[in-house]
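J.: One predicted model, sequence on top.
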Amino acid sequence: MEKLFDAEGITSSDRLFFTPSAFARKHLCYAQEAGTLKSLKPHVTVRDGLESFLFFVVKSGSGWLRYEEKQYELRTGDAVLIDCRMHYEQESSESSPWELAWVHFDGARAEAVYPLFWKDNGESARIPLGKRLAEAEGLIGRIMEHRGENSPENELRADAVIAEILLLCTEQARCREDEEQKFEGLRETLNEKLLECKEIGAIRHALEERYGADFARIDAVFAERYGISVEGYVKSRILNKAKELLRFTIKPLEEVAAESGVGDAEKLRELFMDNEKMSPEDYRKRWAQWIKD
């Protein structure tokens, strides 16, 4: 079987291989490969056509998964369950390299349960684990305890653990509807808090209080729904507001910076140089209607 992570020099990993018996292949769910890894540098892993299911947990850091024409931003506390017969790609973040625990497995039960999970999870590969992160890591650890030793007892134990993994994924998928309701109107709330708070730190705190969840979880939900992080969205709104003020008012830069939420004129200048490749003064000269008139 092709390795999931075959990237010598760019990952540090502990990997085990399992060779299921004919009995296990016919009657049980069986492990094929399991391990842990730490990404040393960003790289893209591309796979398809594997006769396998993959469950992995993000123990720390962040990265991306592209599967079934969707891209998922994954962070600490997220898990993934996918059918590896389909094409998928994954990549660790450069700024926050991820550490994963993972297991490849297959079997008739997995083939039967996976479509149910996929439907209940809103056709999403991502599974937010929350307080169940340690539990998920522990299940993979239990499979690795056997160190690849092939015996009827170990195959039965692996079958039982894989059943627990499938149950965990299904239970978390069933919780998805509750979460959808909990975060209803998230973008509208963020727009309100942006007007009230402006600074990203204050916005984070306000969102945590409003939804009773840590910001990482809120940010992950927002990114999955709208394809951009909270911080990216806030920066975009601030930049657009600054552009509007520069184009349609004669307010000095300090007032534009304060009113848009940038902070001060120096930060405003940095924002425009990074995003527009010109100073705010040059932007105003080029785009301001009152100057043209």
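T.: Noted; the coordinates are in hand.
J.: quick check, N150 in a strand?
T.: No. Counting by DSSP: H, G, I helix; E, B strand; the rest coil, N150 is not part of a strand but coil.
J.: tally of neighbours for it?
T.: Counted by other CB atoms under 10 Å, the residues lying close to N150 total 13. Quick note: C-beta positions are derived from backbone N, CA and C, even for glycine.
J.: Just the pLDDT for it.
T.: You'll see N150 listed with a pLDDT of 75.
J.: show me the contacts for F117.
T.: Applying CB atoms under 8 Å, 6 or more residues apart in numbering to F117 gives the contacts 81, 166, 169-170, 173.
J.: I'd say G107 and L28 touch.
T.: Yes. Counting by CB atoms under 8 Å, G107 touches L28, with 5.8 Å between them.
J.: about what we covered before: may I see the contacts of F117 arranged in CSV, with secondary structure and neighbour count as well?
T.: As requested, the contacts of F117 are exported to CSV (DSSP: H, G, I helix; E, B strand; the rest coil; neighbours: other CB atoms under 10 Å):
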residue, secondary structure, neighbour count
L81, strand, 25
L166, helix, 23
C169, helix, 24
T170, helix, 17
A173, helix, 19
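J.: Identify the contacts common to G107 and L28.
T.: Residues touching both G107 and L28 by CB under 8 Å, 6+ apart: D159.
J.: separation between the residue most central in space within the chain and S12?
T.: Centroid-nearest residue in the chain: L74, 1.7 Å away (criterion: CA atoms, centre = their mean). According to CB to CB, to the nearest Å, L74 and S12 sit 19 Å apart.
J.: and the biggest strand by length in the chain, what other elements does it pack with?
T.: Scanning the chain for the strand with the most residues, using DSSP state E, yields strand 30-39. Packing partners of strand 30-39 (3 or more CB pairs under 8 Å, 6 or more residues apart in numbering; DSSP states H and E): strand 11-17, strand 99-106, helix 133-144, helix 152-174.
J.: What mean pLDDT does that strand get?
T.: Averaging pLDDT along strand 30-39 yields 93.
J.: Excluding its own residues, what touches it? List them.
T.: Taking CB under 8 Å, 6+ apart as the rule, strand 30-39 contacts 1, 3-5, 10-18, 20, 24, 52, 59, 61, 63, 92, 97-107, 140, 143-144, 155, 158-159, 162.
J.: just stretch 152-169 next, same as before
T.: Contacts of stretch 152-169 (CB under 8 Å, 6+ apart): 18, 20-21, 23-24, 28-31, 55, 79, 81, 103, 105, 107, 109-110, 113, 117, 121, 127, 132, 135-136, 139-140, 142-143, 146.
J.: show me where pLDDT drops low in the stretch 151-293 of the chain?
T.: Residues of the stretch 151-293 of the chain meeting the criterion pLDDT under 70: 176-180, 198, 289-293.
J.: in it, which spans are strands?
T.: Ranges of strands within the stretch 151-293 of the chain: none, based on DSSP state E, counting those that start in this stretch.
J.: CA atoms of the longest strand of the chain as PDB?
T.: What follows is strand 30-39, C-alpha atoms only, in PDB (Å, rounded to 0.1, in the frame of the first residue of the first chain):
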ATOM      1  CA  TYR A  30      -8.600  -3.700  10.000                       C
ATOM      2  CA  ALA A  31      -5.700  -1.200  10.300                       C
ATOM      3  CA  GLN A  32      -3.400  -0.800   7.400                       C
ATOM      4  CA  GLU A  33      -1.000   1.900   8.600                       C
ATOM      5  CA  ALA A  34      -0.900   4.200  11.600                       C
ATOM      6  CA  GLY A  35       1.500   6.800  13.000                       C
ATOM      7  CA  THR A  36       2.300  10.300  14.100                       C
ATOM      8  CA  LEU A  37       4.200  13.000  12.300                       C
ATOM      9  CA  LYS A  38       5.600  16.500  12.800                       C
ATOM     10  CA  SER A  39       5.900  18.600   9.600                       C
END
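J.: Following it in sequence, what is the next regular element?
T.: Per DSSP states H and E, the first helix or strand lying C-terminal to strand 30-39 is strand 44-47.
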